[in-house]
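Colleague: Build me a model from this:
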Amino acid sequence: MQPLFFLTLILPAFAFPAHQARATNTTCEPQQTARLVDGIQRNINYQMDELKSLKTLQYLALTSPTASNTTSNTTSPSSSKSKTNTTTTIFFAQKSTVATLQQQSISARQSNQDLAQKMQSPSALQRGLAQVAVSQNSAKVALRQVRAGDKGMLGEMVKAVEEGVRLNGENLRVAGEGRCGV
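Modeller: You can find the predicted model right below:
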């Protein structure tokens, strides 16, 4: 009789679904949302600085003596060579600045992706951050390959960063809605 009594107590527990309290997403708090929004804005700021630096590289590519392959008749060959070396030095210094800004932007985006995942942010935001990651990694590879006078590649890089800023603008809008678990 005891086993039957025990079964009558236990069996109903298996017959009906267990009452489960709906789990609340404690990571989707206003503070976390504000942190994510701030992080995306910081990434946009880095991208804007990167864009300015890329445009400086474009300018250097357009104005460098190696880009135009022309020298003034009043310029001696040694001063022309000196001007080319100076412009190339400035170009590579600016390229280093762009690389630093790219890395800052990548680090900010990685932090944003980690936080968005922990917060169970909307899938649209997670996809948007992933698209920015692809764009950033492509730009990083392209920067390694760009040379002084390479106007075409620099133009493509500018377009890629502008697209990244646009994507992050959308990410900022979605993050600002503060919805999680969607």
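
Colleague: For Gly128, give me its contacts.
Modeller: Leu167, Asn168, Glu170, Asn171, Val174 (Cβ atoms under 8 Å, 6 or more residues apart in numbering). Every C-beta, even on glycine, is put in place using the N, C-alpha and C of the backbone.

Colleague: Need the nearest residue in space to the fourth one, chain neighbours excluded.
Modeller: Residue nearest to Asn171 in three dimensions, not counting chain neighbours: Gly128, with 4.3 Å by Cβ to Cβ, 6 or more residues apart in numbering.

Colleague: pull the longest helix from this structure.
Modeller: helix 77-118 (DSSP state H).

Colleague: so the residue nearest to Asn171 is in which element?
Modeller: helix 123-145 (DSSP states H and E).

Colleague: Now do that helix, average pLDDT.
Modeller: Averaging pLDDT along helix 123-145 yields 92.

Colleague: pLDDT below threshold where in the protein?
Modeller: Along the chain, segments meeting pLDDT under 70 span 1-28, 64-84, 180-182.

Colleague: Packing partners of the longest helix of the chain?
Modeller: With contacts defined as 3 or more Cβ pairs under 8 Å, 6 or more residues apart in numbering; DSSP states H and E, helix 77-118 has these neighbours: helix 30-63, helix 65-68, helix 123-145.
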